[in-house]
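Asks: Take a look and give me a structure for this.
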Amino acid sequence: MRKLLLFIILPGITIAQTTETDLTLHLREIPRQNLAIDLGIAEPIGDYGKIARSGLSVGIAYDYYFSKNIGLSFSGRHTYNETGFTMQPNGPSPQNESSTQITAGFLASKTFNRFQIDAFARAGVSFLDVNDNGFASDNDDRFHLINEDTKDSSATLDLGLRFNYYFRRSVQLYFSPQLQTTIGKPLVYDTSSELLSSNPGDLVLTRRESNLSNLLFTVGVKFAIGREYTNGELRDDSELDN
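Replies: Residues are numbered from 1 along each chain as shown. Got it, this is the predicted structure:
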């Protein structure tokens with residue numbers, strides 16, 4: 001029985017190895033060093049989604065692969081969200097809640113010829129630039145930032161996937177969904193709503209704390225830095241194949 005199984009499995013293994021070997025170098029390996037730049041939409045979630053609107057995010061990352069399956073990733077990103085409407089009826093336009101993140105972590109990778117999937121987890125620090133004015137939502141609850149309690153910086157976490165396609169052997173286009181959130185609830189604000197009483201001016205205040213949490217959906221370009229692949233071989237740009 002064992003001999004029969006070997007007789008069945010061995011040809012398949014041999015064919016798979018042959019197919020992998022027959023692929024050109026840039027379809028078998030990945031560049032060791034890469035620089036990625038992207039732009040996308042930031043959609044607030046959780047408690048932060050109650051007081052913020054959709055915004056934009058721009059990022060840059062440096063990735064170093066020890067092998068074609070694991071590496072290190074370093075990232076810088078700036079994200080901003082539109083806030084709710086300002087409390088003053090004739091006041092200035094809403095400002096933005098923005099943050100700048102510097103993170104580092106690990107990534108895992110899997111290649112399928114011209115396609116590559118990266119999964120990454122990074123942690124670091126987020127520097128906050130929040131709206132100094134009072135602001136309110138477009139529903140019955142009003143929100144007012146407590147400036148003295150809101151922190152200027154916070155720990156942050158960045159988890160995501162990156163779906164890459166090799167447009168050329170040194171250039172990838174990609175789409176990346178990811179979760180980005182601060183840790184420790186650095187944003188502190190009051191919510192106020194009118195009491196159900198004979199005096200409609202009575203208000204009840206509730207103190208709330210929140211992380212700045214966003215789902216990011218970005219598109220970007222990833223460039224190989226240098227010609228070295230993860231197996232130590234060098235890219236040959238003289239070949240006609242992309």
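
Asks: unless I'm mixing things up, residue 187 is touching residue 207, no?
Replies: No: taking C-beta atoms under 8 Å as the definition, residue 187 is not a contact partner of residue 207, at 11.8 Å. C-beta here means a position set from N, CA and C on the backbone, and glycine is covered the same way.

Asks: Among the two, which residue is more densely surrounded?
Replies: Neighbour comparison, residue 187 and residue 207: the larger count goes to residue 187, with 26 against 10 (by other C-beta atoms under 10 Å).

Asks: residues contacting that one?
Replies: Each residue near residue 187 by C-beta atoms under 8 Å, 6 or more residues apart in numbering is listed here: 48, 97, 128, 130, 145, 150, 209-212.

Asks: Filter the residues you listed down to just the ones in helices.
Replies: Using DSSP state H, residue 48 are the members of the contacts of residue 187 that sit in helices.

Asks: from the contacts of residue 187, which is closest to residue 82?
Replies: For the contacts of residue 187, the minimum distance to residue 82 (C-beta to C-beta) is 8.2 Å, reached by residue 97.

Asks: Find the centremost residue of the protein, please.
Replies: Nearest to the mean C-alpha position of the chain, by C-alpha atoms, centre = their mean, lies residue 178 at 4.0 Å.

Asks: and the residue lying closest to it once chain neighbours are set aside, how many neighbours?
Replies: In space, and not counting its chain neighbours, residue 178 is closest to residue 160: 2.5 Å by C-beta to C-beta, 6 or more residues apart in numbering. By the measure other C-beta under 10 Å, the count of residues near residue 160 is 19.

Asks: Could you do residue 123 as well?
Replies: Residue 123: 14 surrounding residues under other C-beta under 10 Å.

Asks: what helix or strand is it on?
Replies: Secondary structure assigned from DSSP states H and E places residue 123 in strand 115-129.

Asks: can you pull the contacts of the residue nearest to the centre of the chain?
Replies: Residue 178 makes contact with 158-161, 215-216, 218 under the criterion C-beta under 8 Å, 6+ apart.

Asks: Take these and lay them out in CSV including distance to residue 106 and pLDDT.
Replies: Listed next are the contacts of residue 178 as CSV, based on distance: C-beta to C-beta, whole Å; pLDDT from 0 to 100:
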residue, distance to residue 106, pLDDT
158, 12, 96
159, 11, 97
160, 12, 97
161, 14, 98
215, 21, 97
216, 19, 97
218, 20, 98
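
Asks: which pair in those residues spans the largest distance?
Replies: With C-beta to C-beta as the measure, no two of those lie farther apart than 159 and 218, at 13.7 Å.

Asks: doesn't residue 52 make contact with residue 42?
Replies: No: at 9.0 Å, residue 42 and residue 52 do not qualify as touching, with contact defined as C-beta under 8 Å.

Asks: anything in contact with each of these two?
Replies: Shared contacts of residue 42 and residue 52 (C-beta under 8 Å, 6+ apart): residue 81.

Asks: any idea which of the contacts of residue 187 has the most stuff around it?
Replies: Counting neighbours by other C-beta under 10 Å, residue 212 leads the contacts of residue 187 with 27 neighbours.

Asks: isn't that residue right up against residue 98?
Replies: No: between residue 212 and residue 98 there is no contact under C-beta under 8 Å: 9.2 Å.

Asks: anything in contact with each of the two?
Replies: Taking C-beta under 8 Å, 6+ apart as the criterion, residue 212 and residue 98 both touch 79, 81, 128.

Asks: Residue 163 versus the first one, what's the distance?
Replies: To residue 163, residue 79 is 21 Å away according to C-beta to C-beta, to the nearest Å.
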